[in-house]
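Peer 1: sequence and predicted model, in that order:
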Amino acid sequence: MLKKKPTCPIHGCELILSHHGKKSNLGHYWIEAQGAPILYCPECHERGTDTSVEVAAEASNAFLRKLIRLYDGCEFPPELGRPRIRVDFNPGRAVPDGLPTAGQQPLYQVTASPSGPTAADPDAEPQPETEFESFRPRPPRHRLDQLVLDAETLARIREAVNVLLSQDLLFGCWNLGSVARTGRRVALNFYGPPGTGKTLAAEAIAAMLEREILVISYAELESKYVGETPKNIRAAFRRATDTGALLFFDEADSILGKRLTSVSQAADNSINVARSTTLIELDNFDGAVIFASNLVKNYDTAFLRRVLAHVEFRLPATEQRRQLWRGHCPAELPIHADVDFELLAQYSENAAGGDIQNAVLLAASYASLRHGEEQVVSMADFKRAITFLLDGKRRILE
Ligand SMILES: Nc1ncnc2c1ncn2[C@@H]1O[C@H](COP(=O)(O)OP(=O)(O)O)[C@@H](O)[C@H]1O
Ligand SMILES: [Mg+2]
């Protein structure tokens, strides 16, 4: 929200308030929005330069995202087709005075055209593609307060996320979109050992942005048919654009690793094509995307240049391990009085958050095999579980 009127970045004059802004960045074929309050420079408007800034954009965007989610989750009877939805943020042209203040919800009116084009109608406008149904964004499953990290890593995540939270100010008011090579797109790269919270952090960021998350793993992109993988990659980016979801690529090193120089096999070539496709899609993408990987050394430099921030996820130190043990024991879990999370933290060096999560489950299952008063998780259960897990991991790594 804006406290005082910003000025035109080109002419320096004070911007004028209008309630006729059209939201053209929805990326949704069937929903359109108009009547958004914008501040614009009359001189720039004359010249056809768009330096306008939308006010109260966060509130109206949140509403539109919800509407899009609702719409995309609906089944429409084929005989009726999809309705076209128009959202007017200035219904009845009752123009309120002054700038919307913080927390003020914009007024809106939603109208649906009663019958959209039907599938059987030869003159129907093209339906959005419905293949790749498996690429479905979903609500995030974690919040930022569940993430246990050292202060430095948390600060780096917050800084990176702030670029997303302050998009209207940075790219709108301050017009940084005009100088940023990357446009409005924000790409982050999370790297570090497995089970250190990369996926959890991505979910928490989506929750913070009040967006859904579209999780794509390499296994889903890869196809046994040559030529299908790039198609899948394009579909993933398109889905994220259409829905406004945060795009999350897990195991990203497999698609963004260094280009293979000797292209001896068709399969190798298809890896290179997948890589180039991802870079091209990334360049055309306007949303938020997070890549996660365990092996960062393998990344292609062309990709590295396109990422705003790289955040390393390290194995948790003793204090974080204590919080992780605590945080993974729900209030309902019966715990013996001898359990000391401080000691457990010291005992579980080299354990990642994921190991601790598994150890709690395993320890609880040991306790569940006992009866009566014995059916509580003891210090011995936790120790046995984490030793078992870490030993197993060590043997595999060796
Ligand atoms: N830093 C962390 N903070 C809180 N929980 C964590 C953390 N790291 C791991 N965990 C726990 O382990 C689980 C798996 O972690 P995940 O985010 O999938 O790790 P990664 O994506 O780095 O492999 C999480 O769901 C969470 O329960
Ligand atoms: Mg993960």
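Peer 2: Structure's in. What do you need? Residues are numbered from 1 along each chain as shown. Ligands and ions are numbered 1, 2, ... in the order given.
Peer 1: how many neighbours does the residue in the chain that ligand 1 sits nearest to have?
Peer 2: Nearest residue of the chain to ligand 1: Gly353, at 2.3 Å (C-beta to the nearest ligand atom). Yep, even glycine has a C-beta here, placed from its N, CA and C like the rest. Gly353: 24 surrounding residues under other C-beta atoms under 10 Å.
Peer 1: then Phe171?
Peer 2: Residues near Phe171, counting by other C-beta under 10 Å: 19.
Peer 1: shift numbering so it begins at 54
Peer 2: Yep, numbering from 54; the last one is Phe224 now.
Peer 1: one step back: who's in contact with the residue of the chain closest to ligand 1?
Peer 2: Val201, Gly248, Thr249, Gly250, Leu253, Pro369, Leu377 (C-beta atoms under 8 Å, 6 or more residues apart in numbering).
Peer 1: what about the fifth one, helix or strand, and which?
Peer 2: Right, Leu253. Assigned by DSSP states H and E, Leu253 belongs to helix 251-261.
Peer 1: if you count contacts, what does the helix or strand following that helix end up packed against?
Peer 2: Counting by DSSP H and E, the next helix or strand C-terminal to helix 251-261 is strand 266-270. Under the contact definition 3 or more C-beta pairs under 8 Å, 6 or more residues apart in numbering; DSSP states H and E, strand 266-270 sits against helix 251-261, helix 281-296, strand 299-303.
Peer 1: again, only using 6 Å
Peer 2: helix 281-296, strand 299-303 (3 or more C-beta pairs under 6 Å, 6 or more residues apart in numbering; DSSP states H and E).
Peer 1: measure stretch 214-222 end to end?
Peer 2: Terminal residues of stretch 214-222 lie 14 Å apart, using C-alpha to C-alpha, to the nearest Å.
Peer 1: in it, what's buried?
Peer 2: Val214, Val216, Leu217, Gln220, Asp221 (16 or more other C-beta atoms under 10 Å).
Peer 1: now the helix or strand hosting the third one: how far from the chain's centre is it?
Peer 2: So that's Leu217. Element membership of Leu217, judged by DSSP H and E, is helix 204-218. How far helix 204-218 lies from its chain's middle: 14 Å, per C-alpha atoms, centre = their mean, to the nearest Å.
Peer 1: check whether it contacts ligand 1.
Peer 2: No: applying C-beta under 6 Å from any ligand atom, one finds helix 204-218 separated from ligand 1 by no less than 8.5 Å.
Peer 1: okay, the angle between that helix and helix 251-261?
Peer 2: 40 degrees (axes from the mean of the first three to the mean of the last three C-alpha atoms, to 10 degrees).
Peer 1: which residues are contacting stretch 197-213?
Peer 2: Leu241, Gly250, Leu253, Ala254, Ala257, Met261, Ala362, Val364, Gln373, Gln376, Leu377 (C-beta atoms under 6 Å, 6 or more residues apart in numbering).
Peer 1: quick check, nearest of these to Phe129?
Peer 2: Met261 (31.9 Å; C-beta to C-beta).
Peer 1: what does the stretch 204-353 of the chain put close to ligand 1?
Peer 2: Close to ligand 1, as judged by C-beta under 6 Å from any ligand atom, the stretch 204-353 of the chain has residues Pro247, Gly248, Thr249, Gly250, Lys251, Thr252, Leu253, Ala345.
Peer 1: could you flag which of these are buried?
Peer 2: Among these, the ones that count as buried by 16+ other C-beta under 10 Å are Gly248, Thr249, Gly250, Lys251, Thr252, Leu253, Ala345.
Peer 1: not counting residues beside it along the chain, what's closest to Gln428?
Peer 2: Ala420 (5.8 Å; C-beta to C-beta, 6 or more residues apart in numbering).
Peer 1: gap between the one you found and Ala110?
Peer 2: 51 Å (C-beta to C-beta, to the nearest Å).
Peer 1: more crowded one of these two?
Peer 2: Ala110 (24 against 18).
Peer 1: returning to what we had before: looking at the helices and strands packed on strand 266-270, which has the lowest confidence?
Peer 2: Among these, helix 281-296 carries the lowest mean pLDDT, at a mean of 88.
Peer 1: alpha carbons of that one, as CSV, please.
Peer 2: Taking Å, rounded to 0.1, in the frame of the first residue of the first chain, the C-alpha atoms of helix 281-296 are listed here in CSV:
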residue,chain,number,x,y,z
GLU,A,281,8.1,-35.0,-24.9
THR,A,282,10.3,-33.7,-22.1
PRO,A,283,10.5,-30.1,-23.5
LYS,A,284,6.8,-30.2,-24.0
ASN,A,285,6.4,-31.1,-20.4
ILE,A,286,8.7,-28.3,-19.3
ARG,A,287,6.7,-25.8,-21.3
ALA,A,288,3.5,-27.1,-19.8
ALA,A,289,4.8,-26.7,-16.3
PHE,A,290,5.8,-23.0,-16.9
ARG,A,291,2.5,-22.4,-18.6
ARG,A,292,0.5,-23.9,-15.7
ALA,A,293,2.4,-21.7,-13.3
THR,A,294,1.7,-18.6,-15.4
ASP,A,295,-2.0,-19.5,-15.8
THR,A,296,-2.5,-20.1,-12.1
